[in-house]
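*Asks:* build the 3D model from these lines:
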Amino acid sequence: MPPRRYNPDDRRDALLERINLDIPAAVAQALREDLGGEVDAGNDITAQLLPADTQAHATVITREDGIFCGKRWVEEVFIQLAAMMCASPGMSMTATPFTPTKQCLN
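*Replies:* Below is the predicted model:
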């Protein structure tokens, strides 16, 4: 087998940097698709069903063990919609390993 022409750690770091640079553009594109061509939370028809001062809390319920992926993408959504959302300074999202619960949505 011929020797590698690159350092695997350097390649990994370069790929992670590329992903981090691509996230804002990918999120903006997805938001434009979901919100009618503009990154404007006011175009979200579902969100208009709730009063503007409503706060929400979500719990993910699974049937099997899982790993949460995409935290950086979700954070980018909040960054891009920040002017249209109310958030506390220093607010962050956390992800921890989880196991299934016995609760199910009917």
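*Asks:* show me the helices in this structure, by range?
*Replies:* For the chain, applying DSSP state H gives helices covering 8-34, 71-80.
*Asks:* looking at these, which is closest to Gln48?
*Replies:* Smallest distance to Gln48 across the helices of the chain (CB to CB): 13.7 Å, for helix 8-34. C-beta coordinates here come from the backbone N, C-alpha and C atoms, glycine included.
*Asks:* run a quick neighbour tally on Pro24.
*Replies:* Pro24 has 13 neighbours, counted by other CB atoms under 10 Å.
*Asks:* against Thr54, how distant is it?
*Replies:* Plainly put, Pro24 is 27 Å away from Thr54 if you go by CB to CB, to the nearest Å.
*Asks:* go on, Gln80?
*Replies:* Taking CB to CB, one finds Gln80 at 21 Å from Thr54.
*Asks:* got it, and Gly37?
*Replies:* Distance of Gly37 to Thr54, given as CB to CB: 26 Å.
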